[in-house]
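Engineer: got a sequence here, can you build the structure:
(chains A and B)
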There are 2 protein chains.
Amino acid sequence: MRQLENLALFTDLYELTMAASYFDHKMFEPASFSLFVRNYPPFRSYFVCAGLDDVLHYLEDLKFSSEDLDFLKETGLFKQDFLSFLMRFRFTGDVLAIPEGRLFFLNEPIIEVTAPLIEAQIIETFLINAVNLQVMIATKASRCVHAAGRRKLVDFSLRRTQGIDAGMKVARASYIGGFIGTSNVLAGKVYGLPIFGTMAHSFVTSFESEIDAFRAFARSFPENVVLLVDTYDTLKGAEKAVEVGGELALYGKKLSGVRLDSGDMALLSKEVRKILRKGRLEKTMIFASGAFDEFKIQKVLNEGGDIDSFGVGTKMGVSADAPYLDMAYKLVKYAGHPVLKLSPGKQTLASDKQIFRFTTPQGKLQKDVIALRDERLEGGEPLLKRVMVKGKRIKRSSSLNHIQRTFLDEFSRLDDRFKSIERRRFEYPVILSPKLKTLQSQIIRKSRQKELGES
Amino acid sequence: MRQLENLALFTDLYELTMAASYFDHKMFEPASFSLFVRNYPPFRSYFVCAGLDDVLHYLEDLKFSSEDLDFLKETGLFKQDFLSFLMRFRFTGDVLAIPEGRLFFLNEPIIEVTAPLIEAQIIETFLINAVNLQVMIATKASRCVHAAGRRKLVDFSLRRTQGIDAGMKVARASYIGGFIGTSNVLAGKVYGLPIFGTMAHSFVTSFESEIDAFRAFARSFPENVVLLVDTYDTLKGAEKAVEVGGELALYGKKLSGVRLDSGDMALLSKEVRKILRKGRLEKTMIFASGAFDEFKIQKVLNEGGDIDSFGVGTKMGVSADAPYLDMAYKLVKYAGHPVLKLSPGKQTLASDKQIFRFTTPQGKLQKDVIALRDERLEGGEPLLKRVMVKGKRIKRSSSLNHIQRTFLDEFSRLDDRFKSIERRRFEYPVILSPKLKTLQSQIIRKSRQKELGES
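Structural biologist: Prediction:
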């Protein structure tokens, strides 16, 4: 993908200054880093994995161009021997990851990287940037899907996603989270997603009258006539749509749908349904858009809103109630020694790890155990899969349809009490294996003794 | 810029279906669209203009590749004559805009586009996407700058911006809003911004002990030694930093700064200052990072925090308390006729317009008047400047330093009561000219008569 070219400098400066210092001190031993989320945002009790594919592309392509190196030289911060090292730099490490579409929970490493220290460090900024956004959006989308029940959702967020790359990643991640497609044409081309869309208010206002606009659109797209009816007044608009529906019937065509985009959606959708039924348009779909998210979907449906599909825009596309995750990428092992940081509220789990997921005989998710990498916990499914060895992917990307099915299947096996939209009463059980717990206390004790002079 | 290549399909599908229908009905007359913000997000009373440069690049480069057209053909939605039209498509319109760095207010058109209807319509998605993000971030950054007073701010948000493009645009827009630079190395290269950064916790934990890490960094970057002191305990860390400061002094070097990244910042900064003073490091800077935004900056400073500079990250980089603007791009004139939509809460101002800004003799901002394009209001400065004619820019981009100075100058002339961080008690006066008001009522009356059967 275009956005993934030449991103070596898409990094915080400190990744490069640290690397230069590691280089000076010949610190080339292998290091392991964990990528994980430290806190649940409000109302969340799970996360949906997404973004791994971009990470693996980035790692395979990562190199510094001569232009990049010229720029770094001009900063005056770096010595020539380090710049020469960067010229030859490639990522040669191993990556374990939870596959896209799987659920995960607090403190669970979703990606663990093992590589020579500089390689494992320098990729931090991109990894968090790519995965934070896509996990956040796939999770937000899944909440909308849960709220909507059997109704279909389409991503309408493109105009207010935070930039171009977000527009693409939101289309992809919302599909993983169960949306049926997007308004984003480029995402249709790049990811093969189904694309949706009909008309805006400007279409209606650029004609002499609303019904002229409806007729013109019906002539241009007789197979897919969805009419936006709220430009002047939703109910009057719906009546005009019924009129056009009658005209279409004369040619053996039908009115596919009407779209409501403002006002009291529960009330209006019920009134519009009556108008459609009166016009014998029983199969015409009611499509609603305008500031929808999981909260508004739930509210409108609770109020009896009679809506078949929702266009879900801005609030999903920026995850408006939780526009970032507390995601971190932390050193957990260096040169064979497990390490951690003790900063208040930001402690890490030391060493490279594996996660084991336990399910009931019926397949319901029961609990996860975070263990040391080389542990084997009987009856638990290891979630972290080896996806890259020595800088090369060891299997092809899964299709988005496969990833979506993976998500929908596992989500159906997660108990509803973890899916509440408006409160988080239950925390999914994630426990540490006895071995990891013991190691953790040992290292904390050792660090405190060494750094804080505690005994 | 890389992200701006081949973005013709970066659009909502409805832009293309509408265009196809306009094409069918030979609707090629000139149309005018206004880009504006419909509501203030919480606590905001002004906006900072940003994003225009990307818009003009996009408009100059816009074309459909043969690959794009192949994809559109495959969708089965479009007829060949329309696809042939798209093959020749270029933007040939005129653009008026408020220059980047200027302040603007509710309902004021920041960009007005006049072009053949299809051209003016098809660019909607990109325009909103580019300008919404950058205005939102420049405005958020300006709030942080206001809260910080004389202290310096650096953009530290890259890892949690919403994607790659956002990472770039946030660096640029926060600089416009008064930040002194960014951690984003690529933004340093692409935009020429000052870049900042030193070390992460992983640097500290990859050494045998914290002081080893400090010494190693000081050897690698003796001119720029900023030490992160909170990995184990901030005060113990500061004492070790003082020790390294003493060692640096032996070589005629100095400790540039210490960075605090967790804990009670007001308290810790005061204690760290004492430790630095005791170690005779009067000039060593205290740099603070960790969940800062305008609210936390204000709070920590109110509590007497003794901090010289802030790294401002995620919450600024996603505008966490207001992660989108209610920005819209609406048809205001077609084929010589002013138009508007009546949808509840979403009425537009008809016709192409000009904004006049009035200031006091001392230069303080007093009020803005939105008028018809051809009005001339004596004593008011017209804010919308002609920036593109027939698809070509008529002057070069301003430098970011120039744009930042433009912002800082005008911001200093905006009364403090519009800059409150935590409440919005005063709304900056924006009024409609009598001519615009009259036109507006006429069209509303006419639309109601025609579409709603009102008399």
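Engineer: please parse chain A into its domains.
Structural biologist: Using automatic domain parsing, the domain parsing of chain A gives A:2-129+A:327-452, A:138-317.
Engineer: which of these sits most buried?
Structural biologist: Ranked by mean neighbour count, the domains of chain A are led by domain A:138-317 with a mean of 22 (mean count of other C-beta atoms under 10 Å in any protein chain shown). Glycine gets a C-beta too; all of them are placed from N, C-alpha and C.
Engineer: ends of that one, how far apart?
Structural biologist: In terms of C-alpha to C-alpha, to the nearest Å, the two terminal residues of domain A:138-317 are separated by 10 Å.
Engineer: centre of the chain to that domain, how far?
Structural biologist: Averaging C-alpha positions (C-alpha atoms, centre = their mean, to the nearest Å) puts domain A:138-317 23 Å from its chain's average.
Engineer: quick check: mean pLDDT of it?
Structural biologist: Across domain A:138-317, the average pLDDT comes to 96.
Engineer: repeat that for stretch A:428-441.
Structural biologist: On average, stretch A:428-441 scores 96.
Engineer: near chain B at all, it?
Structural biologist: No: Stretch A:428-441 does not reach chain B (C-beta under 8 Å from any C-beta of the partner chain); its nearest approach is 14.3 Å.
Engineer: got the contact list for that stretch?
Structural biologist: For stretch A:428-441, the surrounding residues in contact (C-beta atoms under 8 Å, 6 or more residues apart in numbering or on different chains) are A:45-46, A:105-108, A:338, A:340, A:349-351, A:353, A:365-372, A:375, A:377, A:414, A:418.
Engineer: ok, stretch A:360-368 next?
Structural biologist: Residues contacting stretch A:360-368 (C-beta under 8 Å, 6+ apart): A:103, A:105, A:108, A:355-359, A:383, A:410, A:413-415, A:428-431.
Engineer: ok, back up a step: mark which of the contacts of stretch A:428-441 are part of strands, please.
Structural biologist: The strands, defined by DSSP state E, take in A:338, A:353, A:365-372 from the contacts of stretch A:428-441.
Engineer: ok, so of the residues you listed, who is nearest A:V135?
Structural biologist: A:D368 (16.2 Å; C-beta to C-beta).
Engineer: the helix or strand where A:K140 lies and chain B in contact?
Structural biologist: Assigned by DSSP states H and E, A:K140 belongs to helix A:124-148. Yes: for helix A:124-148, a contact with chain B is found by C-beta under 8 Å from any C-beta, at A:124-125, A:128-130, A:132-133.
Engineer: export these to a markdown table and tack on distance to B:I137 and pLDDT?
Structural biologist: Below are the residues of helix A:124-148 next to chain B laid out as a markdown table (distance: C-beta to C-beta, whole Å; pLDDT from 0 to 100):
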| residue | distance to B:I137 | pLDDT |
| --- | --- | --- |
| A:E124 | 22 | 98 |
| A:T125 | 18 | 98 |
| A:I128 | 19 | 98 |
| A:N129 | 16 | 98 |
| A:A130 | 20 | 97 |
| A:N132 | 17 | 98 |
| A:L133 | 16 | 98 |
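Engineer: quick one on the thing from earlier: kindly reformat the domains of chain A as JSON lines containing distance to B:K236.
Structural biologist: Formatted as JSON lines, those follow (distance: least, C-beta to C-beta, whole Å):
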{"stretch": "domain A:2-129+A:327-452", "distance to B:K236": "6"}
{"stretch": "domain A:138-317", "distance to B:K236": "38"}
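Engineer: looking at those domains, which is closest to B:S397?
Structural biologist: domain A:138-317 (18.6 Å).
Engineer: one step back: pick out whichever of the residues of helix A:124-148 next to chain B sits closest to chain B.
Structural biologist: Taking C-beta to the nearest C-beta as the measure, A:I128 is the one of the residues of helix A:124-148 next to chain B closest to chain B, at 4.1 Å.
Engineer: pull the contacting residues for that closest one.
Structural biologist: Here A:I128 is in contact with A:35, A:327-329, B:159-160 (C-beta under 8 Å, 6+ apart).
Engineer: separation between the closest residue to it other than its chain neighbours and A:P99?
Structural biologist: Leaving aside its sequence neighbours, A:I128 sits nearest to B:R159 (C-beta to C-beta, 6 or more residues apart in numbering or on different chains; 4.1 Å). From B:R159 over to A:P99 the distance is 23 Å, taken as C-beta to C-beta, to the nearest Å.
Engineer: do the same with A:A249
Structural biologist: 48 Å.
Engineer: equivalent analysis for A:F78, please.
Structural biologist: For A:F78 relative to A:P99 (C-beta to C-beta), the value is 38 Å.
Engineer: excluding chain neighbours, what is closest to A:G380?
Structural biologist: A:F356 (2.8 Å).
Engineer: oh, that last question was meant for A:L96, not what I typed.
Structural biologist: A:L384 (4.2 Å).
Engineer: quick one: the one you found and A:A97 touch, right?
Structural biologist: Yes: contact criterion C-beta atoms under 8 Å: A:L384 and A:A97 qualify, at 6.4 Å.
Engineer: by proximity to chain B, which residue of the stretch 351-455 of chain A wins?
Structural biologist: Counting by C-beta to the nearest C-beta, the stretch 351-455 of chain A gets nearest chain B through A:E451, at 3.9 Å.
Engineer: from the chain's centre, how far out does the helix or strand hosting that residue sit?
Structural biologist: A:E451 is part of helix A:434-452 when elements are defined by DSSP H and E. Here helix A:434-452 is found 34 Å from its chain centre; the criterion is C-alpha atoms, centre = their mean.
Engineer: ok, stretch A:32-51 next?
Structural biologist: Worked out by C-alpha atoms, centre = their mean, stretch A:32-51 lies 11 Å from the chain centre.
Engineer: do me a favour and get the end-to-end distance for it?
Structural biologist: End-to-end span of stretch A:32-51 (C-alpha to C-alpha): 20 Å.
Engineer: try stretch A:172-186
Structural biologist: Terminal residues of stretch A:172-186 lie 11 Å apart, using C-alpha to C-alpha.
Engineer: what does stretch A:413-429 give?
Structural biologist: Stretch A:413-429 has its terminal residues 15 Å apart, counting by C-alpha to C-alpha.
Engineer: and for stretch A:180-192?
Structural biologist: End-to-end distance (C-alpha to C-alpha), stretch A:180-192: 12 Å.
Engineer: ditto for stretch A:175-192
Structural biologist: 11 Å.
Engineer: same thing with stretch A:278-288?
Structural biologist: 20 Å.
Engineer: on that earlier part again, with adjacent residues omitted, what lies nearest to the residue of the stretch 351-455 of chain A closest to chain B?
Structural biologist: Using C-beta to C-beta, 6+ apart, the closest residue to A:E451 is B:Y232 (3.9 Å).
Engineer: on the three-state scheme, the one you found is what?
Structural biologist: Secondary structure, DSSP: H, G, I helix; E, B strand; the rest coil: B:Y232 is coil.
Engineer: so it sits against A:L342, correct?
Structural biologist: Yes: counting by C-beta under 8 Å, B:Y232 does reach A:L342; the two are 5.1 Å apart.
Engineer: please enumerate the shared neighbours of these two.
Structural biologist: With C-beta under 8 Å, 6+ apart as the test, B:Y232 and A:L342 both reach A:447-448, A:451.
Engineer: so the residue nearest to A:G279 when sequence neighbours are not counted is in which element?
Structural biologist: Excluding the flanking residues, the one nearest A:G279 by C-beta to C-beta, 6+ apart is A:V242, at 3.4 Å. Using DSSP H and E, A:V242 sits within helix A:234-250.
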